[in-house]
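Student: following is a predicted model, sequence given first.
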Amino acid sequence: MRQWHGNGISFGGDYNPEQWPEQTWSEDVELMRRAGVNLVSVGIFSWALLEPTPGRYEFGWLDRVLDLLHSGGIQVDLATATASPPPWLARAHPETLPRRDDGTILWPGGRQAYCPSSPIFRERSLELVRAVAGRYAEHPAVVMWHVSNELGCHNANCYCDVSAEAFRGWLRERYGDLAQLNDAWGTAFWSQRYGDWAEINPPRTVTAFANPTQQLDFLRFSSDELRAQLRAEREVLKTLVRQPITTNFMIGMGVKHMDYQSWADDVDLVSNDHYLTAADPQAHLGLSLAADHARGVAGGDPWLLMEHSTSAVQWQPRNVAKLPGQLRRNSLAHVARGADGVLFFQWRASRVGAEKFHSALVPHAGPDTKVFREVCQLGADLKALAEVRGSRVDADVAILFDWEAWWGVELDSHPSADVTYDDRLNALYRALWRAGVTADIIHPSADLSGYRLVLVPTLYLVRDADVAALHRFVEGGGTAAVTYFSGIVDENDHIRLGGYPGAFRELLGVRTEEFFPLRESEQVRLDDGSTADVWTEWLHPDGAEVLASYTDGPLPGVPALTRHRVGDGAAWYVGTRLDDAATDRLVARLVDEAGVRPAAPAPPGVEVVRRRDGERTWLFVLNHTEAEARLPVRGTDLLTGERCSGELTLPAGAVAVVREDRT
Ligand code: GAL
Ligand code: ZN
């Protein structure tokens, strides 16, 4: 990770002055200063204004914007401006437009209407990067470069002929010869054998189920193509600029198509965008998960929250506004979980365009508003937290997450459509959250040695080396828990034979001979009082002890929950979809067995996370409840300046960040 921008916590957001008359700009800077804003992202959707006709650049307005920001002491994360091509590109080169799997062309008029594999798009976008970076590399306001914007947000998978050719090239690289490809894709099935590379296409709309490995490879290819755009822009930037380079990821937003773990080495710092799911009454738990995952992708380093919202968004079916105090809790929860900067989309709410009902730091109603007052309060809060910058988050628990496993498990033609990747991830994560336990969400190939407990939700596709690493972790005294439909296939989506859960059979000491997925809404009961649904399986212990068995359903008497001692540790298997209360009990047992403790003993609904820098520690306490909370803490609350010598009393909805006394 490379440090960016000044010393404290970054604060600001996307700034789109091109949507406003120039007179507004000086008021913007004045209000930014009032709010304590110190970093804004500029130029993200400016391509059509910067290059109004091919090859003719107009930088005057951007010069003035950057100079004005600089004179106001506001630093800039400058975009390469390649996020969305101008309409002239599609007119001159319609072949740059993306196509869906059924051939539908996606036209300009929205955003990101380009095929990620288009050489024309690549060339024109890199020329723009060269022009922008050449002009502003030395501009004193610029402290960071922002490649494109949410690469793949709308155009992740393109099925056009250009993409088809690029896919073939990618497959040649991966397999070398057709025999290898035929083997990996299992093309002996359904007369799918390929005799010539030219016969191969992306998985376009087909009659029956498309070949699963073809689908999986197309997802890998698509993620790599977008990463190639990131890499290409980065290469150009590196020859011209010295500031750190990032691009905003969408980790924890249910965004499936970009394998961000494989992109992490292509940015100098991880930045992430997160928006609450309004329909989720516990959306703040989803926020925590996203933040813990962003940190995991960043390898535990501090990261930057590039976008979130001051209040409602405009793209969900019902765009719920944030209640007083929520903006602060949401922002500080990200900081608690390792963000060293809190930025928003966007500075001033648009008057026009598809995002005009999206909240901003300056709402339509102006600065005399709840939102702008809370923005100013947050600016002051973040200033008070400057010393936290650079510290890391304490976590003894890891949850393994792999985009490839996600892609694999949600392919079609599986035992049950009710098995989705994020279901058990969320269930286990939320049970940990309720227990006050912080988890890192990391890739299965990450170093496990620093953890006490490793949770493995639905790792359908897994590599041998990662299974071996988990085995060593348990042998060395760790506790692991694996949930159903894990270890089933190798990286080519070939079944691991000999009984399920394939790759994890030995570690877990169980062998399943047949899956018994349940009907929609069907429930089963276990002899420990739990209920479960979605999934059961005909499991035989093979070294493992049985902790709970079914009492009804298709498999009465068959084990549902097992524990296997391996070396100095233990590996648990959860063969069914436990209800939330049972998941809480399970997690409590796992945490207890592994010797994991919450960051602080806190009442339910109070979030506690610890950041640490050598000897110094900061305890973040966020009261999400409607009642006052008390918990034992010793130190100084940086937000109020108050001492707490033994007990912290936190009003409903409030936040404290306590620099803890050293003991
Ligand atoms: C993000 C995007 C922003 C803005 C925002 C609205 O996906 O990067 O440009 O559209 O969402 O929530
Ligand atoms: Zn394409």
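Tutor: Arrived safely, thanks for sending. Numbers count the residues shown, from 1 in each chain. Ligands and ions are numbered 1, 2, ... in the order given.

Student: contacting residues for the residue in the stretch 451-600 of the chain that ligand 2 sits nearest to?
Tutor: Nearest to ligand 2 in the stretch 451-600 of the chain, going by Cβ to the ion, is Asp493, at a distance of 23.9 Å. Bear in mind the C-beta positions are built from the backbone N, C-alpha and C, glycine included. For Asp493, the contact set (Cβ atoms under 8 Å, 6 or more residues apart in numbering) comprises 212-213, 216, 408, 411, 461.

Student: give the buried subset of these as a PyMOL selection command.
Tutor: Per 16 or more other Cβ atoms under 10 Å, the buried members of the contacts of Asp493 correspond to this PyMOL selection:
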select buried, resi 212+213+216+408+411+461
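
Student: if we look at ligand 1, which of the contacts of Asp493 are close to it?
Tutor: Among these, proximity to ligand 1 is found for none (Cβ under 6 Å from any ligand atom).

Student: I'd like to know which of the contacts of Asp493 are part of helices.
Tutor: 212-213, 216, 408 (DSSP state H).

Student: so where do the helices sit in the stretch 1-150 of the chain?
Tutor: 22-35, 47-50, 60-71, 87-92, 119-136 (DSSP state H, counting those that start in this stretch).

Student: packing partners of the first one?
Tutor: Contacting helix 22-35 under the criterion 3 or more Cβ pairs under 8 Å, 6 or more residues apart in numbering; DSSP states H and E are the following elements: strand 10-15, helix 60-71, helix 370-384.

Student: okay, those, which one's buried deepest?
Tutor: strand 10-15 (a mean of 26; mean count of other Cβ atoms under 10 Å).

Student: the inter-axis angle of it versus helix 22-35?
Tutor: 160 degrees (axes from the mean of the first three to the mean of the last three Cα atoms, to 10 degrees).

Student: strand 10-15 to helix 370-384, inter-axis angle?
Tutor: Going by the same axes, to 10 degrees, strand 10-15 makes 140 degrees with helix 370-384.

Student: pull the residues that contact strand 10-15.
Tutor: 4, 28, 32, 35-42, 44, 65, 69, 74, 304, 307, 340-348, 360-361, 378-379, 382.

Student: residue numbers of this structure in contact with ligand 1?
Tutor: Contact residues, the chain versus ligand 1 (Cβ under 6 Å from any ligand atom): 149-150, 153, 273, 275, 307, 313, 345, 355, 358.

Student: near ligand 2, from these?
Tutor: Applying Cβ under 5 Å from the ion to these, one finds that nothing falls near ligand 2.

Student: most widely separated two among these?
Tutor: Across the residues of the chain next to ligand 1, the longest distance by Cβ to Cβ is 15.9 Å; it joins Asn149 and Val313.

Student: more neighbours: those two, which one.
Tutor: More crowded of Asn149 and Val313, by other Cβ atoms under 10 Å: Asn149, with 25 against 18.

Student: mind listing what that one touches?
Tutor: Contacts of Asn149 by Cβ under 8 Å, 6+ apart are 44-45, 79, 83-84, 247-248.

Student: of those, which is the most crowded?
Tutor: Top of the contacts of Asn149 by neighbour count (other Cβ under 10 Å): Asn248, with 29 neighbours.

Student: in the stretch 101-250 of the chain, which spans are strands?
Tutor: 142-146, 245-246, 248-249 (DSSP state E, counting those that start in this stretch).

Student: any chance of the ones you listed in a markdown table, with mean pLDDT and distance to Gly614 too?
Tutor: As requested, the strands of the stretch 101-250 of the chain are exported to a markdown table (pLDDT from 0 to 100; distance: least, Cβ to Cβ, whole Å):
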| stretch | mean pLDDT | distance to Gly614 |
| --- | --- | --- |
| strand 142-146 | 97 | 26 |
| strand 245-246 | 98 | 26 |
| strand 248-249 | 98 | 29 |
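
Student: between those, which gets nearest to Ala294?
Tutor: strand 248-249 (7.1 Å).

Student: what pairs with the closest one, parallel or antiparallel?
Tutor: Sheet pairing of strand 248-249 (DSSP bridges) gives strand 271-273 (parallel).

Student: what secondary structure does the closest residue in space to Asn272 that isn't next to it in sequence sit in?
Tutor: Nearest residue to Asn272, sequence neighbours excluded (Cβ to Cβ, 6 or more residues apart in numbering): Ala294, at 4.0 Å. Under DSSP: H, G, I helix; E, B strand; the rest coil, the three-state class of Ala294 is helix.

Student: just checking, Ala294 touches Asp340?
Tutor: No. Using Cβ atoms under 8 Å as the test, Ala294 is too far from Asp340 to be in contact (11.5 Å).

Student: pick out whichever of the two has more residues nearby.
Tutor: Using other Cβ under 10 Å, the more surrounded residue of Ala294 and Asp340 is Ala294, with 28 against 25.

Student: what residues are up against Tyr175?
Tutor: So Tyr175 contacts 181, 184 (Cβ under 8 Å, 6+ apart).

Student: how much space between it and ligand 1?
Tutor: 35 Å (Cβ to the nearest ligand atom, to the nearest Å).

Student: ditto for Leu555
Tutor: Taking Cβ to the nearest ligand atom, one finds Leu555 at 45 Å from ligand 1.
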